[in-house]
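got a sequence here, can you build the structure:
(chains A and B)
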Amino acid sequence: MKEILSGNEAIARGAYEAGCLAASAYPGTPSTEILENTVKYSEINSSWAPNEKVALEVVAGVSFAGGRAFAAMKHVGVNVAADPLFTLSYTGVRGGLVLVTADDPEMHSSQNEQDNRNYAKFAKVPMLEPSDSQECKDFMRLAFELSEKYDTPVMLRTTTRISHSKSVVELGERSEAPLTPGLARDAAKLVMLPGNARIRHPFVEKRMAQLSLDASNMPANRLEFRNPEIGIITSGALYQYVRELLPDASVLKLGMVHPLPSELVREFASRVNRLFVVEELDPFIEEQVRALGIKVTGKELFPLCGELTPGRIRSALVVAGVMEAIDETSATGASEGLPSRPPNMCPGCPHRGVFFALKQLKAYVTGDIGCYTLGFMPPLSAMDTCICMGASIGMATGVAKVIPEEEKKKVVAVIGDSTFLHTGINGLMDMVYNGSTATVIILDNRITAMTGRQDNPASGFTLMNEPAKRIDLPLLCRALGAGSVRVVNPFDLDETKRVIKEEMNRPETSVIITEKPCVLIKREGVFEKGDVLLVDEESCAGCRACLAIGCPAIEWRSAMSGDKKGKAFIDPFLCTGCDICRQLCKFGSIGRKI
Amino acid sequence: MNRDITNILLVGVGGQGILLASEVLAETFMLAGFDVKKSEIHGMSQRGGSVVSHLRYGGRVNSPIVSEGDGDILFGFELMETFRYLPLLRRGAFVVANSLQIAPPSVLMGNESYPDDLPERIRAGFPDFLLIDGQRVAAEAGDPRAANTVLLGAVSKRLQVEEEYWLEAMKRMIPSKALSINLKAFETGRNL
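Sure, this is the predicted structure:
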């Protein structure tokens, strides 16, 4: 049977068909939908972990108990999971163990565009790279088989383009894995103390050498010999672009990008006149090909930054004289000068008022990763740093260490509920332990919103949509020893501002938790829309005060004939009745619809 | 590029239902026996940002994305976004757009204005341009929320696919309670 699947859906399907028993992940674009799809298969125990390190540890446990399992995460998530990954490379596996990394060239939804192929080399594990949804599915089975055959975790790397593109996939049946789960003690393999690890390291080196040899005969690495003039080594989505741009070129398509099939590369290089490596981001393959003593063209032609689109490949190949420049651009290329359309917080978003208050208080805000990072955008413009998940709290501590005494109270860390539980909690421990007086605001909207509303340990539900214990954030912060923990309603602007001001001035570690659910939560009884607000046109003075919160439901309508100023208008279909704009209007011109 | 392949772009604003529309298109082409690939970026763009979905179908499709200057059909759910993505089209491409205007933040704030001459500028570059008041036509057909489907119906006439595949794809992809109104909106769009 054929179905149109995204790369992420196909990965979930592939895990199912390969007899996978468990999957764990922390949501992160472009990987999120993988676990949202494994959950459809009752044979796979699917769970959201608080962070990627825990996700990988959970599935490593499944593997040690004999089951096939995988963890999925975005590229930067592997940084968090790197600690277990590097040592799992030494222990190897019992049941097949796969780590899916979804990279984001072009940073469509990320803070950097690191090339995670480097992790495969660094951690000394094999890495597969599918080039469409069919291969996403097929390579999951291959990954589990390689994992068990070579006693190694296997990484499967996608990019945004692979994860989020859809193509036709031929579905297969599920087959159970060869091993039946059960306890099996094997300390020499699974207890990584120096004595044991010293024995395992040579095994790792031998394994990778063997894999490199075997790679030349793996069907996933495919030599497509056509015209010998041009030879291209490539992988992933780029393979598809190369096939369309240069249908006659010879291609070495790598399904396994680490370790490199050295013999196959040598053979290919000897049979073509000009050899190119077409790869996105780092010269990962190119450097290894050069190390074999083979002359190759790569990054002197193709960009190091951004997604390598068909257009960018074509431009580079034109420079190389391989393709001719074409003039097939559209009749009107002029979209310059058009107002841009950046992402924005939703109408009724509970984060909006908090950033408005922080701006008024002139706080120095160390930010974090989530929808609330949009607090950086005008007109709120109330975020000063954003690095990685959980960084806000540690950074607030650091900033406050060295600045003049009178500025210290200005430092506020802002972090979401899910991000706090991911890796922010350790930052708060440090604050309490080392006596930081900075203020932490946890924006609790009951969901992991940015990635599309995933549950988390404070939301009350599991990925399988079963009721779960909710972590009590105020109690947790008190237990950690925060001097002051206060809960506020972020839709009450005066109270929010007053409490933030008091806590900024308090000379001890203080935590403010704002409690209001995300407006996108569909689960019954969580988010409830209020009465729609409207502007009284007669009394609206045109002062623009309500525009300062940047709500997409409020529109400025310019002066019509006879009017000196313009007026505000509230779109009744977008307004959720959060009430913040009403509190900003000094003329009482905004009210509830009667 | 390969002329055996038709390149379609669906553009608009996050939250407008662009992904569902492109899924219906993709399913239709698969049912009609074509190879089909599509691609779009989720994530930040869903917060009211600009969204573009690429869809390609034909005998055999490699790339899931349309190269600049290769687009054959642009399917615009919002007027300014329609104009924004014109550079992706080849000369003589077909443009169908909803006349709906959604103001971006800078326009809401009164700092910039929404250009009022977009239909003329689009037509100047692309004479094969169909502008539809999607919300009004859909309202007449029964529900303004089916505006996307009206446009889908209008596009369907231009593609070499039997109507039965469109209907089957909609039955598969659209939630059952919204199906009958969408089928009606599709017919209305097809007969415009």
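
please name the nearest non-neighbouring residue to residue 78.
Assuming you mean chain A. Sequence neighbours aside, A:Thr101 is the residue nearest to A:Val78 in space, at 5.1 Å (criterion: C-beta to C-beta, 6 or more residues apart in numbering or on different chains). To be clear about C-beta, it is placed using only N, CA and C from the backbone, and glycine gets the same treatment.

oops, chain B please
That would be B:Gly12: by C-beta to C-beta, 6+ apart, it lies 4.6 Å from B:Glu78.

which residues touch the host helix or strand of that neighbour?
In this assignment (DSSP states H and E), B:Gly12 forms part of strand B:6-13. With contacts defined as C-beta atoms under 8 Å, 6 or more residues apart in numbering or on different chains, strand B:6-13 is touched by A:341, B:1, B:18, B:21-22, B:25, B:48-58, B:66, B:70-78, B:81-82, B:84-85, B:88-89, B:98, B:102, B:159.

of the residues you listed, select the buried ones using a PyMOL command.
This is the PyMOL syntax for the buried subset of these, where burial follows 16 or more other C-beta atoms under 10 Å in any protein chain shown:
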select buried, (chain A and resi 341) or (chain B and resi 1+18+21+22+25+48+49+50+51+52+53+54+55+56+57+58+66+70+71+72+73+74+75+76+77+78+81+82+84+85+88+89+98+102+159)
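
among the contacts of strand B:6-13, which are located in helices?
Filtering the contacts of strand B:6-13 for membership in helices, criterion DSSP state H, returns B:18, B:21-22, B:25, B:81-82, B:84.

now A:Lys469, what's its secondary structure?
coil (DSSP: H, G, I helix; E, B strand; the rest coil).

gap between it and chain B?
Counting by C-beta to the nearest C-beta, to the nearest Å, the gap from A:Lys469 to chain B is 30 Å.

count the neighbours of that residue for me.
By other C-beta atoms under 10 Å in any protein chain shown, the residues close to A:Lys469 number 8.

report the contact partners of it.
A:Lys469 is in contact with A:Gly460, counting by C-beta under 8 Å, 6+ apart.

let's see that with 10 Å instead.
By C-beta atoms under 10 Å, 6 or more residues apart in numbering or on different chains, the contact set of A:Lys469 is A:457-458, A:460.

out of these, who has the most neighbours?
Within the contacts of A:Lys469, most neighbours by other C-beta under 10 Å means A:Ala458, with 24 neighbours.

and the pLDDT at it?
pLDDT recorded at A:Ala458 is 97.

does it lie in a helix or a strand, and which?
Secondary structure (DSSP H and E) places A:Ala458 outside all helices and strands.

still on that earlier bit, which one of the ones in helices among the contacts of strand B:6-13 is nearest A:Val402?
Taking C-beta to C-beta as the measure, A:Val402 sits nearest to B:Arg84 out of these, at 45.3 Å.

my read is that that closest one contacts B:Ala97, right?
No: in this structure, B:Arg84 is not within contact of B:Ala97 by C-beta atoms under 10 Å, at 11.4 Å.

got the residues of the stretch 151-300 of chain A near chain B?
Contacts of the stretch 151-300 of chain A with chain B, taken as C-beta under 10 Å from any C-beta of the partner chain, map to A:160-168, A:237-245, A:247.

quick one, longest helix in chain A?
Secondary structure of chain A read by DSSP H shows that its longest helix is helix A:194-215.

what comes into contact with the helix or strand just after that helix?
With elements assigned by DSSP H and E, the helix or strand that comes after helix A:194-215 is strand A:222-224. The contact list for strand A:222-224 (C-beta under 10 Å, 6+ apart) reads A:216, A:231-232, A:239, A:243, A:249-255, A:261, A:264-265, A:267-268, A:271.

can you tell me which of these are in helices?
If you go by DSSP H, the contacts of strand A:222-224 have A:239, A:243, A:264-265, A:267-268, A:271 in helices.

which stretches of the stretch 451-594 of chain A have low pLDDT?
Judged against pLDDT under 70, the low-scoring parts of the stretch 451-594 of chain A cover residues A:559-564, A:593-594.

and it, which of its residues are near chain B?
So far as C-beta under 10 Å from any C-beta goes, the stretch 451-594 of chain A lies against chain B at A:451-452, A:520, A:542, A:544, A:547-548, A:550-558, A:566, A:568-569, A:571, A:574.

domains of chain A?
Domain assignment for chain A by automatic domain parsing gives A:2-215, A:222-319, A:352-515, A:533-592.

what residue is smack in the middle of chain B?
Closest to where the C-alpha atoms of chain B average out (C-alpha atoms, centre = their mean) is B:Phe75, at 3.0 Å.

ok, now which ones touch that one?
Taking C-beta under 10 Å, 6+ apart as the criterion, B:Phe75 is in contact with B:8-12, B:18, B:21-22, B:25, B:53, B:55, B:82, B:85, B:94-98, B:148, B:151-152, B:154-155.

what secondary structure does the residue of the stretch 451-594 of chain A found nearest chain B sit in?
Residue nearest to chain B within the stretch 451-594 of chain A (C-beta to the nearest C-beta): A:Trp556, separated by 3.4 Å. Following three-state DSSP, we place A:Trp556 in the strand state.

residues contacting the closest residue to it other than its chain neighbours?
Leaving aside its sequence neighbours, A:Trp556 sits nearest to B:Gly110 (C-beta to C-beta, 6+ apart; 3.4 Å). Taking C-beta under 10 Å, 6+ apart, we find B:Gly110 in contact with A:542, A:544, A:547, A:555-558, A:566, A:568, B:103.

pipe those residues into TSV and attach neighbour count and distance to A:Arg498 per row.
Formatted as TSV, the contacts of B:Gly110 follow (neighbours: other C-beta atoms under 10 Å in any protein chain shown; distance: C-beta to C-beta, whole Å):
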residue	neighbour count	distance to A:Arg498
A:Gly542	18	29
A:Arg544	17	24
A:Leu547	20	23
A:Glu555	20	30
A:Trp556	19	29
A:Arg557	16	33
A:Ser558	11	36
A:Gly566	16	32
A:Ala568	25	26
B:Ala103	19	34
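
identify the farthest-apart pair in those.
Top of the distance list for these (C-beta to C-beta): A:Gly542 and B:Ala103, 17.6 Å.

pLDDT score for B:Gly43?
The model reports B:Gly43 with a pLDDT of 61.

check B:Gly17 too.
89.

so it touches B:Glu78, yeah?
No: counting by C-beta under 10 Å, B:Gly17 stays clear of B:Glu78, with 11.3 Å between them.

quick one: the strands in the stretch 101-250 of chain A?
A:127-128, A:154-159, A:165-170, A:222-224, A:227-234, A:249-253 (DSSP state E, counting those that start in this stretch).

among these, which is nearest A:Glu538?
Of all the strands of the stretch 101-250 of chain A, the one in closest proximity to A:Glu538, counting by C-beta to C-beta, is strand A:165-170 (52.2 Å).

in that closest one, what's buried?
Of the residues in strand A:165-170, those buried by neighbour count under the rule 16+ other C-beta under 10 Å are A:165-169.

now stretch B:184-192
The neighbour-count check on stretch B:184-192 (16+ other C-beta under 10 Å) flags B:184-190 as buried.
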